[in-house]
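> Below is the sequence, then the predicted model.
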Amino acid sequence: MTTSTPTKSLIRFLRTRNGQRAVAALVGVRSTDPALDAQARETALHFCPARAMRNWTLADLVEAALVVLPSGVYAAR
């Protein structure tokens, strides 16, 4: 799905405490390190609603809430 405009359900999720936790799981992780990136994404998914209950993916969350700094590290928008 990954689009430039996040869905309303994703925006609502990002405003919740679990949404903030999902974003925090990725902040500070180097996007070019496959092992740490995979571990951070698994942690972020732990806080996301079940796949059947959402119409967005983790990639959509990353695109909507994170930016990659020049050093390759994720930071919150």
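Received the coordinates, thanks. Computed from a predicted model, the values in this text were never measured in an experiment.

> Please make it C-alpha for all contacts and neighbour counts, starting now.
Noted.

> Using PDB, list the CA coordinates for the longest helix seen in the chain.
When the chain is parsed with DSSP state H, its longest helix is helix 34-47. Taking C-alpha atoms only, helix 34-47 is exported to PDB below (Å, rounded to 0.1, in the frame of the first residue of the first chain):
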ATOM      1  CA  PRO A  34      19.600  -5.600   8.600                       C
ATOM      2  CA  ALA A  35      19.700  -7.400  11.900                       C
ATOM      3  CA  LEU A  36      18.900  -4.300  14.100                       C
ATOM      4  CA  ASP A  37      16.300  -3.100  11.600                       C
ATOM      5  CA  ALA A  38      14.500  -6.500  11.600                       C
ATOM      6  CA  GLN A  39      14.600  -6.600  15.400                       C
ATOM      7  CA  ALA A  40      13.200  -3.100  15.700                       C
ATOM      8  CA  ARG A  41      10.500  -3.800  13.200                       C
ATOM      9  CA  GLU A  42       9.400  -6.900  15.100                       C
ATOM     10  CA  THR A  43       9.200  -4.900  18.300                       C
ATOM     11  CA  ALA A  44       7.200  -2.200  16.500                       C
ATOM     12  CA  LEU A  45       4.800  -4.800  15.200                       C
ATOM     13  CA  HIS A  46       4.200  -6.000  18.700                       C
ATOM     14  CA  PHE A  47       2.500  -2.700  19.500                       C
END
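
> tell me what it is packed against?
helix 17-26 (3 or more Cα pairs under 8 Å, 6 or more residues apart in numbering; DSSP states H and E).

> what is the orientation angle of the longest helix of the chain with helix 17-26?
Orientation of helix 34-47 against helix 17-26 (axes from the mean of the first three to the mean of the last three Cα atoms, to 10 degrees) gives an angle of 170 degrees.
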